[in-house]
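S.K.: can't give you the sequence, but here's the structure:
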């Protein structure tokens, strides 16, 4: 009786082993990396929006052709996220955070200040919250998975960033 060679087993088993390896290990890590990268871009949108909004001359209404904090926050956040696929900004909220220097108590409002700012009593920050959806690279359908954000559906995230206001005298406009 002649003995069979075992070299042919590798040719038959390799595609199945590679399929299992890629489907269980490689593709989920690629998906995770895409989610992490897109999450970073959504955070960058919030950070850049807060940074630009803090440099504005006014809070709500544009003045002398310069955009307001609210307008800058909206346009900068959208412009930062737009070049990257898989990110959708749902809402952008801009607020003024006033901190009493003596007591360190904070108040937050989304309307202009009722009275002119007083930097000897308070510090002023512009806060921007960006709510958005981050899609995975591959959305898994079926397979017995329930609704899992980042796997079978987009992740809904909110990032908030604050920057000290460079022109607090314009926060009542």
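M.R.: Right, received. Where do you want to start? No experiment lies behind these values; they were computed from the predicted model shown.
S.K.: what is the mean pLDDT for stretch 121-133?
M.R.: Across stretch 121-133, pLDDT averages out at 96.
S.K.: what's the answer for stretch 165-173, then?
M.R.: Per-residue scores along stretch 165-173 average to 88.
S.K.: quick one: contacts of that stretch?
M.R.: 54-61, 63, 68, 96, 112-117, 119, 124-126 (CB atoms under 8 Å, 6 or more residues apart in numbering). Where you see a C-beta, it was placed from the backbone N, CA and C, and this is true even at glycine.
S.K.: Which positions within it qualify as buried?
M.R.: When burial is assessed from 16 or more other CB atoms under 10 Å, stretch 165-173 yields the following buried residues: 165, 167-168, 170-173.
S.K.: How far away from the center of its chain is the helix or strand harbouring residue 129?
M.R.: Using DSSP states H and E, residue 129 falls within strand 122-134. On the basis of CA atoms, centre = their mean, to the nearest Å, the separation between the geometric centre of strand 122-134 and that of its chain is 11 Å.
S.K.: I'd like the next helix or strand past that strand.
M.R.: strand 155-164.
S.K.: what's the angle between that following strand and strand 122-134?
M.R.: Orientation check (axes from the mean of the first three to the mean of the last three CA atoms, to 10 degrees): strand 155-164 against strand 122-134 gives 160 degrees.
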